[in-house]
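1. Following is a predicted model, sequence given first.
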Amino acid sequence: MEPSQIVLYSIIAIVAFIYLRKFIMSKSLKHYTPAELSGLLQQHSDIILLDVRTKSEHQQNHIKGSLHIPLNELSNRLKELERYKQQEIVCYCLSGSRSLVAAAKLQHQGFNTANLRGGMAEWNFHHR
């Protein structure tokens, strides 16, 4: 086998692994559309919203009342969320990708989590 073929097959395998991992993660988590989450927030005041975007993204626009812990800081700041372990934590980002990772990470730590499908992009579209 040619070295270029080995590189190509390696890249294909890595990309396939990343998408498969993301697919498996998404199947094991609860997801809410913006409309579903809006309805839940009106019914249940104990839902915790967690914005996992960067500081600058959060400052530009966020869902009122949400906590903010950027995804890259989440592992080091889990203690801040311990008091919410019995409540549902709905994670969100811009598109739903980073929040999917955050929700899976929190679920692995014993939290009750969900992901906002489509993130702030869909939320803003739904709430315009």
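-> Looks like it arrived, so ask away. Please read all numbers here as calculations on a predicted model, not as lab measurements.
2. State the pLDDT value of Met25.
-> Turning to Met25, the model gives it a pLDDT of 50.
3. Could you check how many residues crowd around the nearest residue to Leu78 once chain neighbours are set aside?
-> Spatially, and ignoring its direct neighbours in sequence, Leu78 is nearest to Gln109 (6.2 Å; Cβ to Cβ, 6 or more residues apart in numbering). In short, each C-beta sits where N, CA and C put it, glycine included. Residues near Gln109, counting by other Cβ atoms under 10 Å, number 14.
4. And for Leu40?
-> Leu40 has 14 nearby residues by other Cβ under 10 Å.
5. what helix or strand does it sit in?
-> Secondary structure assignment for Leu40, by DSSP states H and E: helix 34-43.
6. Mind checking the pLDDT average for that helix?
-> 95.
7. helix or strand right after that helix?
-> strand 48-51.
8. so what does that following strand touch, helix or strand wise?
-> For strand 48-51, the contact count by 3 or more Cβ pairs under 8 Å, 6 or more residues apart in numbering; DSSP states H and E identifies strand 67-68, strand 88-92 as packing neighbours.
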